[in-house]
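**Student:** Sharing a model prediction with you, sequence too.
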Amino acid sequence: MKLFAIYGNPVAHSKSPQIHNSAFTALGMPDCVYTRIRLESGEGLVAHFKAARLSGANVTVPFKEDAFAQCDEVHGPANEIKAVNTLVLEGEKVIGYNTDGDGFMASIREFGPIKKALILGAGGTAKAIAVVMKHAGIECHILNRSDKRLSFFKELGIGTSTWHNFDGHGFEMIVNTTSAGLEDDELPAPVDLLNGLLSEAKYAYDVIYNKETPFLSFAMKHGLIMKDGKDMLVCQAVYAFMKFTGRKDFDAVKKIMDRAIEL
Ligand code: NDP
C-alpha cells in the first residue's frame, strides 16, 4: 500500500483526495490511497510525513513555507518561490517541489502567447505565478494594496507598485491573486484603477475558484475573456500526481481529474 495525503489547516474542504483517488482508480493503481491530514502547526510536518511512511503529499495553506524549510532537498521553481506544495519520497529523501506556478501556466495555454501581465496581490500565490511567468519570458508586474510584501519581487527583478504609486499600462492579462472576493464582495483594487486596467486588457483571471467574484463580474462588463482558478487547481494536482507516480501523460491525467473535481 502506498499512502499519500494533503497537509493543511483547514483541510476538510480540500478536493485533493477526491481528484487524486479518482486518478489512482482510473489508472489502475488500487494500492495507492490519498487522505487529508490537519496539523495544528507546521513545525514537524516533514517528520510527520516520514513517521507516517507517506510516499507523497501535497501541502496547502498555511504550511507551504514550513515544508520548504524542512525538506531534505528542494527542486525546481520552489527554490525561488521559497514554498513547497508537493512532497515526494525519493529513496530515503523527502524532495520538495512547487507545482502551483506550472499549474497556472498550463491553465492559461488556451489564451495563447502573452507578453505582459499584471498580478494583483503579493502573497504566496502571487510569488508562485510571478516566478514561473518570469521563467516563461512574460513581463509581469505586481500591484498590491500595501508595500509590506514587495521586497520578495524586487529581489527577483520583478516590477512592483502599490495602489498609490502605480502608473502601468498595456497589460494583456490581469490576474487576481488577492483574497478579495473570497468571502466578501470586495474588488481587489480601487474601481478607477481597475477600470483603466481592464479597458486595455484582453484576459482576466481570478485564482479563486467555483465562484464569480466581484473582479470577474467587473471584467465581464468590460467584455474580457475570463477564467477562474479551478483549472489551475486541477493542473497543479496533475503535475503533483506526475511527480508521485512518474507518469508523463499530462493530458490523460487531466481528463480524469477534470471529471473528478465535478463529482
Ligand atoms: P496570501 O494571504 O498569501 O496573500 C493575500 C494577498 O491578497 C496579499 O497581497 C494581500 O495584501 C491581498 N489582499 C487580501 N485582502 C485584500 C483586499 N480586500 N483587497 C486587496 N488586496 C487584498 O494568500 P494566498 O496567496 O495564499 O491566496 C490568495 C488566494 O488564492 C486565495 O483566495 C486562495 O483561495 C487562492 N488560491 C487558489 C489556488 C488555485 O489553485 N486556484 C491555489 C492557491 C491559492 P497585503 O499584502 O496588503 O496584506
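**Tutor:** It's in.

**Student:** show me what contacts whatever residue of the stretch 1-150 of the chain ends up closest to the ligand?
**Tutor:** When Cβ to the nearest ligand atom is the measure, the stretch 1-150 of the chain has its nearest residue to the ligand at Gly123, with 1.9 Å between them. All C-beta atoms are positioned from the backbone trio N, CA, C, and that covers glycine. Residues near Gly123 by Cβ atoms under 8 Å, 6 or more residues apart in numbering: 149, 177-179.

**Student:** ok, so of those residues, who is nearest Asn195?
**Tutor:** Taking Cβ to Cβ as the measure, Asn195 sits nearest to Thr178 out of the contacts of Gly123, at 17.3 Å.

**Student:** Can you pull the residues of the protein lying near the ligand?
**Tutor:** The chain has residues 61, 100, 121-126, 144-146, 148-149, 177-180, 182, 186, 188, 207-209, 229, 232-233, 236 near the ligand, with proximity defined as Cβ under 6 Å from any ligand atom.

**Student:** Would you reformat the contacts of Gly123 as a markdown table and include neighbour count, secondary structure and pLDDT?
**Tutor:** Formatted as a markdown table, the entries for those read as follows, by neighbours: other Cβ atoms under 10 Å; DSSP: H, G, I helix; E, B strand; the rest coil; pLDDT from 0 to 100:
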| residue | neighbour count | secondary structure | pLDDT |
| --- | --- | --- | --- |
| Arg149 | 16 | coil | 96 |
| Thr177 | 26 | coil | 97 |
| Thr178 | 26 | coil | 96 |
| Ser179 | 16 | coil | 93 |
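
**Student:** So Gly76: helix, strand or coil?
**Tutor:** Per DSSP: H, G, I helix; E, B strand; the rest coil, the local secondary structure of Gly76 is coil.

**Student:** Okay, the closest residue to it other than its chain neighbours and Ala57: tell me how far apart.
**Tutor:** Ranked by Cβ to Cβ, 6 or more residues apart in numbering and with sequence neighbours excluded, the top spatial neighbour of Gly76 is Tyr97, at 5.6 Å. As for Tyr97, its distance to Ala57 is 11 Å (criterion: Cβ to Cβ, to the nearest Å).

**Student:** out of those two, which sits in the busier spot?
**Tutor:** The residue with more neighbours, out of Tyr97 and Ala57, is Ala57; 30 against 24, by other Cβ atoms under 10 Å.

**Student:** follow-up on the earlier one: keep only those of the residues of the chain next to the ligand that are in strands.
**Tutor:** Secondary structure defined by DSSP state E assigns Asn144 of those to strands.

**Student:** Just the buried ones out of the residues of the chain next to the ligand, please.
**Tutor:** Buried members of these, scored by 16 or more other Cβ atoms under 10 Å, are 100, 121-122, 124-126, 144-145, 149, 177-180, 188, 207-209, 229, 232-233, 236.

**Student:** re earlier: overlap of the contact sets of Tyr97 and Ala57?
**Tutor:** Residues touching both Tyr97 and Ala57 by Cβ under 8 Å, 6+ apart: 86-87.
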